[in-house]
Every structure is written in structure tokens, then in C-alpha cells.
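[1] would you be able to build a 3D model of this:
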Amino acid sequence: MRNLLSTRVTWRRSAVLLGSTALLAGALTQLPATASAEPPQPAKQAAKQAAAEAPGDYYKDAEGKTGDELKAALNTIISEGDQLSYDQVWEALKATDEDPDNKSNVLLLYTGRSQSKEDNGGGADQWNREHTWAKSHGDFGTATGPGTDIHHLRPTDVSVNSTRGSKDFDEGGEELEEAPGNFTDGDSFEPRDEVKGDVARMILYMSVRYEGKDDYPDLEANDEVENGSKPLHGKLSTLKKWNEQDPPSDFEKNRNEVIFEKFQHNRNPFIDHPEWVKEIWG
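    Below is the predicted model of the structure:
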């Protein structure tokens, strides 16, 4: 015969448990909406990233345009801003290229080496100011304007900078022993993969920013190497490929923001909108 007392006890325990569950569910539905007001961590990060983007109306005059119209609109937009002296560039680069893991250092463009901000100068293993758009391409030197525009000036190892010289950018050559991942031959220089897109967007920025106005040379990207002193810089087809292969990094985006907020108060549009490279140059 079945034990009826045991059955009653089991039933009562189940009823108590069910009742407790129902009470807990009812209590949860009464919690105020503020109980879940704290956003998840990814939402916080997205909000921070959105805050670092260009102001909403910065590119409004370029919207909907393509080709030469887009290029002209961007020139008007990014030509508004301040200019630095060549001496001021030293201090600016210490902020724009600061190593996020060591606030006392800068990151060098071609080697990727983290080096003391104060170890700048002309010594072989110090860092100096690299004109990514070689200053001889248009013969603008270090004069205020293209010669001091920190959108294309980067800290680099002195001897690696010398090896690059005024060569156009393209692929091929022998690897640099001092800077593995970089290659050079008689007429071109290939930077390491991690900064190929950076180099492309700097060159194309210069091609849009300087259009022969205000006594500045008319700089243009072309599909040549060995451009010499002409205001041309290549190789455009390679730069377009690098822009696709190496999209803007967090470091590059932050650099753009620092230049905009603290120094020149203009932006590199191809960091904010790398797709515009194709819209202008196909």
C-alpha cells in the first residue's frame, strides 16, 4: 500500500516551492525601471567611440558628391584651420603620436618602436620629423603650410627616414635590416603592413588639401614613381590598395582627433571616410 502521509508531505513541499516562485516572479515585475539603467559595457564603449567622430555637420557640404566635386568640397572644408611653425611640430608630434601604453614615449612610423619623447634630434637612433609627402615633391621645404602640416608629418627613426628619402611609395625591393617589414629599391619605399593605410591616407589628404591656392603648390597623387621635384606623389594604384587593405586603426583615429581638437582644427577626411578614396579616384 502507498504511504499516504509521505505523499501529503511531498505535495505540501511542492506547493510551498511553487508559491515561493510565484511570489518571487511577482516581486520582480514590481521592480522600478531604474534597476537596469546601467548600460552594458559594449554600449559604453560605443558611446565613447561616437564622441571621437567628426562633428555631425563637419562634412555636410561634401554629402552626396563624388569625383572632382567631392574633392573640391573636401578641399574647402579641410582648408579651414590653423597652421604651425616647423619648431612647433616637435611638440605637436609628442601629443599626436604618443604611445598609448607609455605616455612618456612616441611611436615611430616605420619601425613601430616606442621611444622617449625627449630623444628627438639628428642622431642615427633618435627620432625626427618625417614628411610622408616628401617635401622635395613640390619643393615646399619646411615652410608653414604643406611643410608643417602634421597630418602628414610623423616621428621616425632618423636613419630609416634617410633610407626612405624622397622616394615614392610602391611595393617591392629589399627588406630593411633596421626596420623589418619595410622594403626599398631604387625608386620606391614600401612601409610595413601595419601602417600602409596610414601612409596612403596621408598622401591622399595632401593631394586634396593643397590645390595651388594661397601660394602653395598644387599637389596631386599620380600613378608614377620617380616623380622627382614635381608636385606629384605615387603610386596611386598602390595607395588605393593599401587604403583598402589597412583600414583606419584606433591609433590613427585618435591622432586625427588630437590634430583637430588641439592643433590644426581640421581633419583628414579619409580617416573618417576611407570609402571616399574610391569616390574620388575610382
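[2] which parts of the chain are strands?
    Under the criterion DSSP state E, the chain carries strands at the ranges 98-99, 102-107, 114-116, 127-131, 153-157, 168-169, 174-175, 183-184, 188-190, 220-221, 232-233.
[3] can I get the ones you listed in JSON lines with distance to residue 197?
    C-beta coordinates here come from the backbone N, C-alpha and C atoms, glycine included. Shown next, in JSON lines, are the strands of the chain (distance: least, C-beta to C-beta, whole Å):
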{"stretch": "strand 98-99", "distance to residue 197": "19"}
{"stretch": "strand 102-107", "distance to residue 197": "15"}
{"stretch": "strand 114-116", "distance to residue 197": "20"}
{"stretch": "strand 127-131", "distance to residue 197": "16"}
{"stretch": "strand 153-157", "distance to residue 197": "13"}
{"stretch": "strand 168-169", "distance to residue 197": "12"}
{"stretch": "strand 174-175", "distance to residue 197": "20"}
{"stretch": "strand 183-184", "distance to residue 197": "17"}
{"stretch": "strand 188-190", "distance to residue 197": "13"}
{"stretch": "strand 220-221", "distance to residue 197": "15"}
{"stretch": "strand 232-233", "distance to residue 197": "16"}
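[4] and of those strands, who's closest to residue 141?
    Proximity to residue 141, assessed across the strands of the chain by C-beta to C-beta, is greatest for strand 127-131 (9.3 Å).
[5] so which of the strands of the chain is nearest residue 198?
    For these, the distance to residue 198 is smallest for strand 153-157, at 8.1 Å, taking C-beta to C-beta.
[6] packing partners of the closest one?
    helix 86-96, strand 127-131 (3 or more C-beta pairs under 8 Å, 6 or more residues apart in numbering; DSSP states H and E).
[7] now the angle from it to helix 86-96?
    Interaxial angle of strand 153-157 relative to helix 86-96 (axes from the mean of the first three to the mean of the last three C-alpha atoms, to 10 degrees): 80 degrees.
[8] contact partners of strand 153-157?
    89, 93, 97, 106-111, 113, 115, 120, 125-132, 164, 178-179, 202 (C-beta atoms under 8 Å, 6 or more residues apart in numbering).
[9] distance from stretch 123-133 to the middle of the chain?
    Relative to the centre of its chain, stretch 123-133 is centred 20 Å away, using C-alpha atoms, centre = their mean, to the nearest Å.
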